[in-house]
Each structure stands twice: as structure tokens, then as C-alpha cells.
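>>> would you be able to build a 3D model of this:
(one chain, ligands or ions: 1)
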Amino acid sequence: MEVTNVTEYQAIAKQRLPKMIYDYYASGAEDQWTLEENRNAFARILFRPRILIDVSKIDMTTTILGFKISMPIMIAPTAMQKMAHPEGEYATARAASSANTIMTLSSWATSSVEEVASTGPGIRFFQLYVYKDRNVVAQLVRRAERAGFKAIALTVDTPRLGRREADIKNRFTLPPFLTLKNFEGLDLGKMDEANDSGLASYVAGQIDRTLSWQDVKWLQTITTMPILVKGVITAEDTRLAIQAGAAGIIVSNHGARQLDYVPATIMALEEVVKAAQGRVPVFLDGGVRRGTDVFKALALGASGIFIWQDLVVLTVLGGGDGVS
Ligand code: FNR
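Numbers count the residues shown, from 1 in each chain. A predicted model of the protein is given here:
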């Protein structure tokens, strides 16, 4: 089949991947209302194009936190990429570098910060989940910094894992031949099987539900990396994030995998941009599938966007060369 857009990769992924893994990658929380809305909201936004403007020279380069990249499209953090392909995060890292853009590595990657750094040069951010054991967090942040990561994307929408019903039905767990590599050696790299979702149980056991704005300040005492707060969808939290020292905001609903019935991110973007008042850059992820979606987000004030959903499939099929 000739593939002409990234959405078409999803059908191929469904054919190729085991059901438990495909469902984990593709599902939203509960009724998946927000999952659909993340796309539908983009579809409701129309252009008012102006004509007869010289567009023969287009420059898509941009600067993110001081780093020049080829386009305002970066890679969102997603867990456990080796479930899709043995190269997993390595392929994503190579693809990001060859496209000259930024990759964000998930805390729950199946490759460690050091391993990803060893794939070669590249601008990389590290996505952080805050564990109850703060020594684990401090160690991990230090390792990311030493491995040359340039910023922390602090995920703030996951005090518990969203209720992903397919994962519950499939008894989703990390396949035993894989490890959450960043936590190997800390006895936190494996996921037990559970009566529902193994990942949900892991989160309930390890992730710190007391996380608050104080901790955003604490993080700044243990690292010099700038902190992006990932998972903001209101003006109120935008103001608090800036007060707490955030270097940027990522408007995100976690790909609709956490709280269902929150607005599409593209609907929340304007209020966040307005509240930020240009003090910090605002980024967006969620439902971006086409160049026109990127353009809509930029037109509504985003400084850049992060993508994932279809990227896993691009890397599966392309072994890292598919994204450019
Ligand atoms: C995610 N996301 C995510 N976010 C995060 O902060 N840490 C993580 O480990 C993960 N893992 C993860 C796995 C999978 C399979 C998906 C689909 C998503 C959320 C991700 O960073 C981003 O917010 C969304 O994926 C953006 O929405 P789209 O592009 O998937 O619609």
C-alpha cells in the first residue's frame, strides 16, 4: 500500500503489532471522548488564506530554548518504544537527529539516557515522572544532565494512570524481555503482572501523588536544566507554572490518555498563550497529524508542537529513517 499521510500508518501498525501492544499505543482513557476531540477540534478550525504574497522562500527553522532546529515540530516523550521495534528509542533518536529536531525521551523508555546519548549528537529533552523516592529522581535528573540532555519536561498530569480500558482488558504489562532502562539497577525497571493494567499498578506504587508546585521549585535546586511543565490546559495553571519558575509550558492532555472529557489541546491553547503573556514559550501536543495542524497551532500562538501518535509506526517501518 502506498502511504500518503501519517494517519494511514495506524492501520499498518494495527496489522503488525500484537494486540496488547497496539492497544497500549493507540488507546485513550475511558470513553476516549478527548481522544476523538483532539482530532475533531483541529478539523473545526478553518483558514482565511491571504493571496499574492511571495512565498517562494520559506524558512521553517526556529529556535527552542536557544536551540536552533529545522522546523517547529519536535518529538513527544512516549514510553516503551522497544515494544514496537528492537531499535525503539535508538531509532527515534536517530530520526530526530537526522531531521535536525528535538527528541524528548520518556522516563519509562526501554533505552536509558546514556544509551540514547550514545547514538550520536542531537538535541534531547528528558521527560520526568516524579517517583515517591526522591533520591531516584535526583539521580535520574543528574544522569540526564550528564548525558547531555538540555531540558526537563515535567509531566504533571499523571498522579495516577488514566483508566485505559483496553489495557485493563489485555492485562497490559511490559514484556518480560524489556526493562524500563532508566530504572534498571534501582529495582524499578520491571513491571509486575496485575489483575488489571500492570502499568497502572506500577504508577500507583511508585509515582508521587503529593507532587505540587513546591516540587517544581525543588527540581530547580537539583538541576540547571530549564523545566517545561507538560500537561497544562488552563490559564490559572499557566500563571502558577510561570511563578514557579517554568521555562516553558506544554499544553497537553497526554494524548487523551489521562483525564477524559478535558478539552482538545488546540482548544485550550489560546487561553494558555494569553495567560503566558509572552513571558515563556508555549508548546502544544495532542492530535497533530498534518502540517496544517501544525500551522493552526502556530497561528494560535504556539512556539512549536510535539508529535507522537504516528511516530512509533514511522520508526517501526523506517527503522529511524522514516521521519524527515
Ligand atoms: C504517551 N505520552 C507520554 N507522556 C509522557 O509525559 N511520558 C510518557 O512516558 C508518555 N508515554 C506515552 C505513550 C504513548 C503510547 C502515547 C500515545 C503517549 C503522551 C505524549 O507525550 C503526548 O503528550 C501525546 O502523545 C500527544 O498526543 P498525540 O500526538 O499522541 O495525539
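>>> phi, psi of the spatially closest residue to P175 that is not a sequence neighbour?
Of all residues not flanking P175 in the chain, M83 sits nearest, at 6.4 Å (C-beta to C-beta, 6 or more residues apart in numbering). Using the backbone N, CA and C atoms, a C-beta is placed for each residue, glycine as well. Dihedral pair for M83: phi -70, psi -20, per degrees, to the nearest 10.
>>> surely M83 and I21 touch.
Yes: at 4.7 Å, M83 counts as touching I21 under the criterion of C-beta atoms under 8 Å.
>>> quick one: the residue nearest to P175 from I12, how far?
16 Å (C-beta to C-beta, to the nearest Å).
>>> likewise for P159?
Separation of P159 from I12 (C-beta to C-beta): 35 Å.
>>> check L219 too.
For L219, the distance to I12 - C-beta to C-beta - is 39 Å.
>>> more neighbours: those two, which one.
L219 (21 against 14; other C-beta atoms under 10 Å).
>>> the closest residue to Y202 other than its chain neighbours in helix, strand or coil?
Using C-beta to C-beta, 6+ apart and skipping residues adjacent in sequence, the residue nearest Y202 is M191, 5.1 Å away. Following DSSP: H, G, I helix; E, B strand; the rest coil, M191 is assigned to coil.
>>> neighbouring contacts of stretch 61-75?
Outside stretch 61-75, the residues within contact range by C-beta atoms under 8 Å, 6 or more residues apart in numbering are 60, 92, 95-96, 99-104, 123, 125, 150-151, 226, 247-248, 281, 283, 288, 294, 298, 302-308, 311.
>>> follow-up on the earlier one: so what's the residue nearest to Y202 up against?
T173, L174, L180, G198, L199, S201, Y202.
>>> quick check: which element contains the last one?
Element membership of Y202 [criterion: DSSP states H and E] is helix 198-206.
>>> ok so, going back, among the contacts of stretch 61-75, which ones lie close to the ligand?
V288, I307, W308 (C-beta under 6 Å from any ligand atom).
>>> name the helix or strand for the most far-flung residue of the chain relative to its centre, please.
Residue farthest from the centre of the chain, counting by C-alpha atoms, centre = their mean, is L52 at 37.5 Å. L52 belongs to no helix or strand when assigned by DSSP H and E.
>>> tell me the predicted confidence for it.
Turning to L52, the model gives it a pLDDT of 98.
>>> how about the residues of the stretch 1-150 of the chain that lie near the ligand?
Counting by C-beta under 6 Å from any ligand atom, the stretch 1-150 of the chain sits next to the ligand at Y25, N38, A76, P77, T78, A79, S106, W108, Q127.
>>> so the first one touches K19, yeah?
So that's Y25. No: contact between Y25 and K19 fails when scored by C-beta under 8 Å: they sit 11.0 Å apart.
>>> and the residue of this structure nearest the ligand?
Among all residues of the chain, G255 sits closest to the ligand, at 3.0 Å; criterion: C-beta to the nearest ligand atom.
>>> one step back: tally of neighbours for the residue nearest to P175?
M83: 21 neighbours (other C-beta under 10 Å).
>>> quick revisit: out of the contacts of M191, which two sit at the greatest distance?
Within the contacts of M191, L180 and S201 form the most distant pair, 13.7 Å apart (C-beta to C-beta).
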